[in-house]
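Peer 1: Build me a model from this:
(one chain, ligands or ions: 2)
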Amino acid sequence: VHISAGELLREEMSRPESDYGALISKHIKNGTIVPVAITCSLLEKTMKNHANTIKESNHGDEVRGGKFLIDGFPRNYDNLQGWQKQMSDKTCVNFILFFDCPQDICIKRCLKRGKGAMKRTDDNEESLKKRLITYANDTLPIIQHYEKLNLVRKIDATPSPELVFQQVRKLFES
Ligand code: C5P
Ligand code: MG
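Peer 2: Ligands and ions are numbered 1, 2, ... in the order given. Below you'll find the predicted structure:
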C-alpha cells in the first residue's frame, strides 16, 4: 500500500475542521518540515485503516505483515525520532527507496507540475529554493543515517517514469 506523507498533510490542511491547517500550510509553502507528531499520527491512522480493511476481508483474522511504501518520510531528524518513538515496536523498516536525481531536473519537473492540473502551493521557484535547502540540510543526513545501516536502495530517477518504474519493480522483485 502506497502512502504519501505529503499527500496526507495536504488532505489534512484542506479539512476545514483541522486544527493544523494553517500550520501545515505555512510549512508547505516554506518547504520546511511539519512537526512529526502531526505527520506520524496521520501515517499511523492510515496504516491502521488499511490493516482493518484487510482484517475484515480476512473474516476478522489478525493481520501481520501488511506492507507499506511510505513516500516522503522521514524527512528530517524530528521525523526519524518521532517514527522510532511511536512506530518502531509496531513496524519493521525493510529498506529505504532513494530516488536519485540532479537538482536541475527536479526543478524542471516541479515547475512543469506547477503549470498542470495539480495545484500545489510549493511548485513554484520561491518555494522550490527553500525545499532544496531543507533537503540538503535536513533530509540528506537521514539518507546517510540509513546508508550506514545498509538499508538504502538507490534508483536513478533521471530517465522517464516508465524506466524509473521498471527499476523500482526489479528491486521489489529481488
Ligand atoms: O513529499 P512532498 O513533496 O509531497 O512534500 C511536500 C511538503 O510537505 C514538504 O516540502 C513539507 O513541507 C511537507 N512534508 C513534511 N513532512 C513530511 C513530508 C512532507 O512536512 N514527512
Ligand atoms: Mg510526494
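
Peer 1: how close does the nearest residue to L97 once chain neighbours are set aside sit to Q167?
Peer 2: Sequence neighbours aside, R153 is the residue nearest to L97 in space, at 5.7 Å (criterion: CB to CB, 6 or more residues apart in numbering). Yep, even glycine has a C-beta here, placed from its N, CA and C like the rest. Note on R153: its distance to Q167, by CB to CB, to the nearest Å, is 10 Å.

Peer 1: Check Y77 too.
Peer 2: Taking CB to CB, one finds Y77 at 29 Å from Q167.

Peer 1: go on, M118?
Peer 2: Distance from M118 to Q167, by CB to CB: 24 Å.

Peer 1: higher neighbour count, those two?
Peer 2: Each of M118 and Q167 has its neighbours counted (other CB atoms under 10 Å); Q167 has more, 15 against 8.

Peer 1: The residue nearest to L97 contacts L171, doesn't it?
Peer 2: Yes - the pair R153 / L171 is scored as a contact, 5.5 Å apart, by CB atoms under 8 Å.

Peer 1: where do the contact lists of those two overlap?
Peer 2: L97 (CB atoms under 8 Å, 6 or more residues apart in numbering).

Peer 1: For ligand 2, what is the nearest residue in this protein?
Peer 2: Going by CB to the ion, ligand 2 is nearest to G6 of the chain, at 4.2 Å.

Peer 1: Run through the protein and note the low-pLDDT ranges.
Peer 2: 60-65 (pLDDT under 70).
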